[in-house]
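Q: Need the 3D shape of this:
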Amino acid sequence: MAKDSIESLDSAELLELVKIYAKNWLAHDGCWFLAIEKKLGIEKAIEFDRDAWEQFTQIEARRIKEFLKLENNSGLEGLRKALKFRLYSTINEQFSKYITPNELVHYVKACRVQEARRRKGLPDFPCKSVGIVEYSLFAKTIDCRIETEAVSCPPDITNPEFYCIWKFTLKE
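A: Next comes the predicted model:
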């Protein structure tokens, strides 16, 4: 039977559509970045990317927080839950684990952005400065007491088993 609207899809089809939407969003983000990189260079593209992520990550976090009905100070457990609902959580292999009750580490095992760049013969995107903006503002939007640290992220890879690693600490 042909599907003619989102409402006609079953749950498995909806999940597949979410993955398609996430891939499309990420492809658009990549096309936008590469266009700026080509015209203005990587430093300017990274500057614009940081500015865009500063806005987007807070919008994304607020919407996820509302969807999950998280309290304003939902702590690291609220953040752990919210990270699972980020748009690219359906297409990047990632997981989070507690180191201590006040420290959560988030690991990105497979990153579509870096994998796409490698397929195109491009060097890894030095995403650390963008990631600091993205992850710290996402975490602070979930709970303003959370501090974020890049443990490993291009160009500063300390653990080659993962594309990036982020540490979140709840400050009381």
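Q: what's the weakest-modelled helix or strand in this protein?
A: Least confident helix or strand, the chain: helix 112-119 with a mean of 85, by mean pLDDT, DSSP states H and E.
Q: Next secondary structure element downstream of that helix?
A: Per DSSP states H and E, the first helix or strand lying C-terminal to helix 112-119 is helix 128-142.
Q: hey, where'd the helices end up in this protein?
A: Applying DSSP state H to the chain gives helices spanning 11-40, 42-68, 75-83, 112-119, 128-142.
Q: Including distance to Lys3 and mean neighbour count, could those go into a markdown table?
A: Where C-beta positions appear, they are placed from N, C-alpha and C, glycine not excepted. What follows is the helices of the chain, written out as a markdown table (distance: least, C-beta to C-beta, whole Å; neighbours: other C-beta atoms under 10 Å):
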| stretch | distance to Lys3 | mean neighbour count |
| --- | --- | --- |
| helix 11-40 | 7 | 13 |
| helix 42-68 | 25 | 16 |
| helix 75-83 | 30 | 20 |
| helix 112-119 | 26 | 15 |
| helix 128-142 | 33 | 21 |
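Q: and those, which one is worst for confidence?
A: Among these, helix 112-119 carries the lowest mean pLDDT, a mean of 85.
Q: name the helices or strands packed onto that one?
A: Contact partners of helix 112-119 among helices and strands, from 3 or more C-beta pairs under 8 Å, 6 or more residues apart in numbering; DSSP states H and E: helix 11-40.
Q: what's the neighbour count on Pro101?
A: Per other C-beta atoms under 10 Å, the neighbour tally for Pro101 reads 10.
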